[in-house]
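Sequence and predicted structure, then a few things I'm wondering about:
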Amino acid sequence: MEEFERPLNGDGFHVAESQIRSDITAGLQPGSERSRLVRDNLCGLGVDLASSVEVSAHGDWAGALKTVRMIHGRAVIARRALEGMLGTDPVGDDLPPIVRVVRAVGQIISDREVDTLEPEDLRVRMRAVLRELDRELQAFLGVPDEPPIS
């Protein structure tokens, strides 16, 4: 597996979309590939956490945010792989927001229908898609229940 670049100074992270897709796909596979993916991501979490602690010690909060985002991504991949291994795949509100919205959009309109719908029906469905995207985005970006860190 190609390693993620992890600059310890928090200047940036370079993760190819193909790498993320590959990791998620591997997480969906049975057996040793999934186990390897879990172990690799758990090890990566440790490195990313150490990097986050290091950059935050220097007051580099933008760098800390970047490392926390990397930690979150690795945790999501590891969680998905573990859930698949243990047969506890998430449903409903436990799904990541992007999965929920893609499923909702798929129920509103399929890619096969786009070319065959009458213009007015297409407009109606696309408005519904936009409402669904907006609803999920508002939920995702909603103000947390906790007070902000000062």
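In hand now; what should we look at?

Show me what the helix or strand Ile77 falls within packs onto, helices and strands only.
Element membership for Ile77, per DSSP states H and E: helix 61-86. For helix 61-86, the packing partners by 3 or more C-beta pairs under 8 Å, 6 or more residues apart in numbering; DSSP states H and E come out as helix 17-27, helix 32-57. For the C-beta atoms, the positions are set from N, CA and C on the backbone; glycine is no exception.

Comparing these by mean pLDDT, which bottoms out?
Ranked on mean pLDDT, the bottom entry among the helices and strands packed on helix 61-86 is helix 17-27, at a mean of 62.

Please pull out the lowest mean pLDDT helix or strand from this structure.
helix 17-27 (a mean of 62; mean pLDDT, DSSP states H and E).

Could you give the number of residues near the closest residue to Met85 other than its chain neighbours?
Nearest non-adjacent residue to Met85, counting by C-beta to C-beta, 6 or more residues apart in numbering: Arg34, 5.4 Å away. By the criterion of other C-beta atoms under 10 Å, Arg34 has 18 neighbours.

mind checking pLDDT for Pro148?
On the pLDDT scale, Pro148 is placed at 60.

start the count at 223, not 1, going forward
Right, with 223 as the first residue, what we last looked at is Pro370.

For stretch 280-288, list every residue counted as buried.
282, 285-286, 288 (16 or more other C-beta atoms under 10 Å).

Stretch 340-354 now?
Those would be 347, 351, 354, for stretch 340-354 by 16+ other C-beta under 10 Å.

need the contact list for the last one.
For Glu354, the contacting residues are 323, 326-327, 330, by C-beta atoms under 8 Å, 6 or more residues apart in numbering.

Need the three-state assignment for it.
Using DSSP: H, G, I helix; E, B strand; the rest coil, the structure places Glu354 in helix.

Okay, and the residue lying closest to Pro319 once chain neighbours are set aside sits in which element?
Nearest residue to Pro319, sequence neighbours excluded (C-beta to C-beta, 6+ apart): Phe362, at 4.9 Å. Secondary structure assignment for Phe362, by DSSP H and E: helix 341-363.
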